[in-house]
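**Q** Here is a sequence with its predicted model. Questions after.
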Amino acid sequence: MQSTVHLFNTALARLGGDQLDLNISPQEQNTVGRICENLFPHVLDMTLAAHPWAFAISRVPLATLAAQEPNPVYPFAFELPADCLKPIRLDGIAGVNRAPAFVIEGNTIRTGRDGATLVYVARISDPKLWPPHFADALAWGMAGELASAINNDPQKQQWCYQNHRIAIADAAAIDLGNQNPVGNRSGWTAARFGEEVF
């Protein structure tokens with residue numbers, strides 16, 4: 001996707017609406033452009049948080065916060081990164097006796113051990129970094145929001161949301177397929193099919 005205006009125009013086209021001028025900022029254009037700009041952050045965050053997209057994965061060591069309320073199970077507190085939409089895991093820290101490895105309390109993540117490295121879904125707002133299938137799902141989400149905000153058409157909104165869910169599922173499947181296209185085979189399976197086992 002070249003720009004957010006291209007994304008907005010894709011969403012508007014799915015509703016049969018007018019297109020925004022690619023050379024002018026949406027805020028400067030008209031009411032439709034301003035509505036697109038206002039709805040976009042919400043739709044982007046919701047679509048990013050729907051799946052651990054490979055392009056949006058970030059990894060950062062966390063600094064311990066001082067003077068937090070004591071918690072005997074999770075004594076160490078860390079501030080979540082500002083761009084964190086969805087924590088995935090803490091590298092090197094596992095849960096114990098069915099207790100989760102971490103808990104989220106407001107803008108803080110708490111663990112049972114110090115020295116945590118957080119793997120999370122980050123807010124990626126640069127359209128040039130979005131894979132095509134993700135951008136397609138995002139455009140369907142925008143179309144759903146615009147169907148209500150501009151057209152006040154609940155039936156069209158439901159149709160757009162349904163396509164949004166389908167597009168997210170398709171994009172997630174493609175994303176997962178690209179992350180590990182050749183699955184790991186056990187030594188037993190490799191030997192069974194005549195492959196060398198090291």
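**A** Cool, the structure landed.
**Q** Could I get the contacting residues of the nearest residue to Gly17 once chain neighbours are set aside?
**A** For Gly17, ignoring the flanking residues on the chain, the nearest one in space by C-beta to C-beta, 6 or more residues apart in numbering is Ile150 at 6.7 Å. From N, CA and C alone the C-beta is placed, and that goes for glycine too. Contact analysis of Ile150 by C-beta atoms under 8 Å, 6 or more residues apart in numbering lists Leu15, Gly17, Val32, Ile35.
**Q** Can you tell me the number of residues neighbouring Gln162?
**A** As a burial measure, Gln162 scores 12 neighbours (other C-beta atoms under 10 Å).
**Q** Repeat that for the one 3 residues further on.
**A** Residue crowding around Arg165 was assessed by other C-beta under 10 Å; the count is 15.
**Q** Distance check, it against Lys86.
**A** From Arg165 across to Lys86, the span is 17 Å (C-beta to C-beta, to the nearest Å).
**Q** Mind listing residues that contact stretch 36-50?
**A** Stretch 36-50 has contacts (C-beta under 8 Å, 6+ apart) with 4, 7-8, 11-12, 20, 26-27, 56, 85-86, 121-125, 134, 137-138, 141-142, 145-146, 149, 164, 168, 172.
**Q** How about stretch 153-168?
**A** 14-15, 47, 50-51, 133, 136-137, 140-141, 143-144, 147-148.
**Q** number of nearby residues for Thr31?
**A** Other residues close to Thr31 by other C-beta under 10 Å number 9.
**Q** before we move on, back to that, may I see the contacts of stretch 153-168 arranged in TSV, with pLDDT as well?
**A** Shown next, in TSV, are the contacts of stretch 153-168 (pLDDT from 0 to 100):
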residue	pLDDT
Arg14	91
Leu15	89
Thr47	96
Ala50	95
His51	95
His133	96
Asp136	96
Ala137	96
Trp140	95
Gly141	95
Ala143	94
Gly144	93
Ala147	89
Ser148	86
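**Q** Output these in CSV, with neighbour count, distance to Arg110 and secondary structure appended to each entry.
**A** CSV is the format used below for the contacts of stretch 153-168 (neighbours: other C-beta atoms under 10 Å; distance: C-beta to C-beta, whole Å; DSSP: H, G, I helix; E, B strand; the rest coil):
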residue, neighbour count, distance to Arg110, secondary structure
Arg14, 19, 43, helix
Leu15, 19, 44, coil
Thr47, 24, 28, helix
Ala50, 20, 25, coil
His51, 19, 25, coil
His133, 18, 35, helix
Asp136, 20, 37, helix
Ala137, 26, 33, helix
Trp140, 24, 36, helix
Gly141, 27, 32, helix
Ala143, 25, 39, helix
Gly144, 25, 35, helix
Ala147, 23, 40, helix
Ser148, 16, 38, helix
